[in-house]
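Asker: Let's see this in three dimensions:
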Amino acid sequence: VQDKQSEDDDDADGFAALHDTACANGEMTYKDPATGYSVFTELAHKKRGKCCGSGCRHCPYSHENVVDKVNRIQQPAFLYRARKDTTDNNKEDSLFQSHQHTHTKVLFFSGGKDSFLTIRALVQQYYNNSDAPFGLVLLTTFDSESRIIAHQDVHIENVVRQCQHMNISLLGVPMHRASKEPYAQKIHKALEVIRQDIGKDAGKISTLVFGDLHLDHIRSWRDTQLGTLGY
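Answerer: Model prediction:
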């Protein structure tokens, strides 16, 4: 019976599909399959016209009015924005600032050793002029319930502190197991948040950067999952 229940759970639609169907039908709510509670759709939030600050599951405003973003966001949102230094007093502090450059690179950042080595390589690339000066935004995925980053087994708050120290913008992407939303679709939404944020200043996202591609199986998986996004 337990195995049969597990199979039924695997076959059941996640809440992402139920939400998409509700929106397609013009509905303001849908029933969460796990709890039975009614959940506001994106249409309902857009009808309100602004972020209410509660960390709603389908907030279309990047949780702009949520105070405790580290613990509350349910959709991709900036957890740290780099300080904008328009003077020449601290050139290192203004490195990678998206508003100063014509294009931006997005580094998938876990807070581990490989991620920091990748930032070091990007700094060298930046100063060696091997590429046109570019902005940089870090993107970190984490479990929506525990707020833990996979593989590193650390809380997303630790990565926020790292980004504050480096003064590099960080976009957090909570991953919902119960949503059953495809990984590439979630990343596409996250990149759209970045693109809209930098659109007026840095023009476009030019490159997705990873620090773990020396592992062939991970590189193959990345290519399969994200190769269709056009970067």
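
Asker: And the helices in this structure?
Answerer: 2-11, 15-24, 42-48, 69-72, 113-128, 156-166, 183-198, 216-226 (DSSP state H).

Asker: Now for Thr141: which residues touch it?
Answerer: 108, 149-150, 173-175, 186 (C-beta atoms under 8 Å, 6 or more residues apart in numbering). Any C-beta I mention is one placed from the backbone N, CA and C, and that applies to glycine too.

Asker: per-residue confidence at it?
Answerer: Here the pLDDT value assigned to Thr141 is 96.

Asker: same thing with Pro76?
Answerer: In this model, Pro76 carries a pLDDT of 98.

Asker: coming back round to it: select from the contacts of Thr141 every entry located in strands.
Answerer: Counting by DSSP state E, the part of the contacts of Thr141 found in strands is 108, 149, 173-175.

Asker: about what we covered before: for PyMOL, write a command that selects the buried ones of the contacts of Thr141.
Answerer: Buried subset of those, written as a PyMOL selection, criterion 16 or more other C-beta atoms under 10 Å:
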select buried, resi 108+149+173+174+175+186
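
Asker: Same list (the ones in strands among the contacts of Thr141) but as JSON lines, adding distance to Tyr80.
Answerer: As requested, these are exported to JSON lines (distance: C-beta to C-beta, whole Å):
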{"residue": "Phe108", "distance to Tyr80": "16"}
{"residue": "Ile149", "distance to Tyr80": "15"}
{"residue": "Val173", "distance to Tyr80": "14"}
{"residue": "Pro174", "distance to Tyr80": "15"}
{"residue": "Met175", "distance to Tyr80": "19"}
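
Asker: any idea how far Gly172 is from Asp32?
Answerer: Per C-beta to C-beta, to the nearest Å, Asp32 is found 22 Å from Gly172.

Asker: And these two? Which one has more around it.
Answerer: Gly172 (25 against 15; other C-beta atoms under 10 Å).
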